[in-house]
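Student: here is a sequence together with a model predicted from it:
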Amino acid sequence: MKTSGLDVHKDSIFCAIYDGKSYGAVQEFDTFTNSIKQMGFYLHSEGVTRIAMESTGIYWIAVWNILEEMGFELILVNPFLIKQMPGRKSDVKDAQWIAKLLHKDLLRGSFVPDATVQKLRTYSRKYMKLQQQITRSLLKMDNILIMSGIRISSCVSNIGNKSVMKIIDSLIRGETDPCTLSAQVYGNRENKRNGKLHEALTGNMQEQHRESLAMEKELHDLLVIQSERCLAKMEEICNEEFSEELALLRTLPGISLISAMIIIAETGANTCTERSRSMKAFENSGKITGWAGLRPRNDESAGKYKSTVITKGNKYLKSILVQTAWAASRTKRSFFMEKFNRLAMRKSRKKALIAIARKMLVIIWNVLNEKSGYNPTLLPVYNPEKLTSKVRYHQREIERIEQLISRKTA
């Protein structure tokens, strides 16, 4: 059986064929659609059925989609796992090396979701990017207000609320009276009573500040409209394809509708052909936590752990899980709040938050895999070996403290 390895670049694709004994001539193709189809016809004529390629940025996606429609069995591989020896690297040798590893079944494929999840993921990642741009736009508007002497951000906790937006619209229209501006602020009674809000809205708005503020406000409004369109598309897809998974995820504390949709988009909750098991792409909860980059790295030598820093992983999933972990750790009378408080006593709050995010991802895997909602009455299952080691550790600490006390009293 012949296999093929593709070394995909921005403008070129190097295609190598391996039959178990020797390599065929390495062909170079362009990355245009017609050229990719010609490569597919060439591989069909050579009797190739299995193809492997590296996940190089976004360049592999178009190649994957076209070859998948042509009926090939495809494998996407992390480039980190198939590195060549130093000094022996070239585009031709890369393609041959990938084909050889594929023929010997030494490659481990990466997770590639189906078309529906890819569509949902496109909207969810665009939404997350838009939220970052909205935050930057709000900071720019605040900087313009500060340059004009208006310090509204010193009196409100969120510069993106409706009151601040009304004040910005009034300033763009030319309104500068602090009494009129302060009347548009909802609540904030303490600052209104002591005069701080009046002082914060007293500034020197010049023409260039007003024009800059108007342009930035237009950009902010456009970003808000686009993010709302992305949300509408995400809700439409999730209600049609993932209504059950969406309801299951929302049983967990700290997970809102938006975060549930993003988790489904990144994990591909419904990626198997049999609806009885949804998390087929990940064998167990440990696999998905490692894939998300929430598991400590494996760096042990001579029985000693050199580093427990978390690994790199899916940055979109990690980001939303950290946010949901923070919300869950602030939910009163929840397991996550108690766990966070216990961890924060012996390690930094940031490390404790990462631990809660990993714990939430483990629960998410079980909820989606077993098709059952979150049950807060269930107790977590611990590894007996880890419990034994912890008991021994605490016993040694008690003995050490007793020895210190006996030395001081002697």
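Tutor: Ah, there it is. Numbering: from 1, shown residues only.
Student: residue 76 in helix, strand or coil?
Tutor: strand (DSSP: H, G, I helix; E, B strand; the rest coil).
Student: any stretches of the protein with poor pLDDT?
Tutor: Across the chain, the ranges flagged by pLDDT under 70 are 84-88, 270-279, 299-306, 380-383, 386-387, 410.
Student: so where do the strands sit in it?
Tutor: Counting by DSSP state E, the chain has strands at residues 2-8, 12-18, 27-30, 48-54, 73-77, 300-301, 304-305.
Student: winner for burial among the ones you listed?
Tutor: Burial of these is given as mean neighbour count (mean count of other CB atoms under 10 Å); strand 2-8 ranks first at a mean of 25. Bear in mind the C-beta positions are built from the backbone N, C-alpha and C, glycine included.
Student: pairing partners for that strand, with directions?
Tutor: strand 12-18 (antiparallel), strand 48-54 (parallel) (DSSP bridges).
Student: could you dump those to TSV with distance to residue 295?
Tutor: Below are these laid out as TSV (distance: least, CB to CB, whole Å):
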stretch	distance to residue 295
strand 12-18	34
strand 48-54	24
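Student: which of these sits closest to residue 36?
Tutor: With CB to CB as the criterion, residue 36 lies closest to strand 12-18 of these, at 7.3 Å.
Student: as PDB, could you dump the C-alpha coordinates of the closest one?
Tutor: In PDB, the C-alpha atoms belonging to strand 12-18 read as follows (Å, rounded to 0.1, in the frame of the first residue of the first chain):
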ATOM      1  CA  SER A  12       3.800  25.400  -2.700                       C
ATOM      2  CA  ILE A  13       3.100  21.800  -1.700                       C
ATOM      3  CA  PHE A  14       5.800  19.100  -1.900                       C
ATOM      4  CA  CYS A  15       4.200  15.700  -2.500                       C
ATOM      5  CA  ALA A  16       6.200  12.500  -1.800                       C
ATOM      6  CA  ILE A  17       5.000   8.800  -2.300                       C
ATOM      7  CA  TYR A  18       6.400   5.900  -0.400                       C
END
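Student: and the closest residue to residue 356 other than its chain neighbours, what does it touch?
Tutor: Counting by CB to CB, 6 or more residues apart in numbering, the nearest residue to residue 356 once its immediate chain neighbours are dropped is residue 325, at 4.1 Å. Remark: with contacts taken as CB atoms under 8 Å, 6 or more residues apart in numbering, residue 325 is in contact with 254, 336, 353, 354, 356, 357, 359, 360.
Student: switch the cut-off to 6 Å
Tutor: By CB atoms under 6 Å, 6 or more residues apart in numbering, the contact set of residue 325 is 353, 356, 357, 360.
Student: I'd assumed residue 321 was in contact with the third one.
Tutor: Read it as residue 357. Yes: using CB atoms under 6 Å, residue 357 is in contact with residue 321, at 4.3 Å.
Student: neighbour-wise, which of the two wins?
Tutor: residue 321 (31 against 27; other CB atoms under 10 Å).
Student: residue 166 - how many residues pack around it?
Tutor: Count around residue 166 with other CB under 10 Å applied: 15.
Student: measure it to residue 191 for me?
Tutor: As defined by CB to CB, to the nearest Å, residue 166 lies at a distance of 16 Å from residue 191.
Student: the spatially closest residue to residue 113 that is not a sequence neighbour: how many residues sit nearby?
Tutor: Of all residues not flanking residue 113 in the chain, residue 268 sits nearest, at 3.9 Å (CB to CB, 6+ apart). Applying other CB under 10 Å, we find 23 residues neighbouring residue 268.
Student: all helices of the stretch 301-410 of the chain, in order?
Tutor: Secondary structure of the stretch 301-410 of the chain (DSSP state H, counting those that start in this stretch): helices at 315-329, 335-344, 349-370, 384-409.
Student: next one: the closest residue to residue 163 other than its chain neighbours from residue 340, what distance?
Tutor: Counting by CB to CB, 6+ apart, residue 163 lies nearest to residue 185, which is 4.5 Å off, once chain neighbours are set aside. From residue 185 across to residue 340, the span is 34 Å (CB to CB).
Student: also residue 370?
Tutor: Distance from residue 370 to residue 340, by CB to CB: 25 Å.
Student: looking at the two, which one has more neighbours?
Tutor: residue 340 (23 against 13).
Student: burial of the closest residue to the more buried one other than its chain neighbours, as a residue count?
Tutor: Leaving aside its sequence neighbours, residue 340 sits nearest to residue 329 (CB to CB, 6+ apart; 3.8 Å). A count of neighbours around residue 329, defined by other CB under 10 Å, yields 24.
Student: check contacts around residue 329.
Tutor: 336, 337, 340, 356.
Student: can you give the domain ranges for this protein?
Tutor: 2-103, 116-240, 243-379, 384-410 (automatic domain parsing).
Student: can you redo these as a markdown table with distance to residue 110?
Tutor: Listed next are the domains of the chain as a markdown table, based on distance: least, CB to CB, whole Å:
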| stretch | distance to residue 110 |
| --- | --- |
| domain 2-103 | 4 |
| domain 116-240 | 14 |
| domain 243-379 | 9 |
| domain 384-410 | 30 |
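Student: any buried residues in stretch 193-213, and which?
Tutor: Neighbour counts over stretch 193-213 (16 or more other CB atoms under 10 Å) mark 197, 200, 201, 202, 203, 205, 209, 210, 212, 213 as buried.
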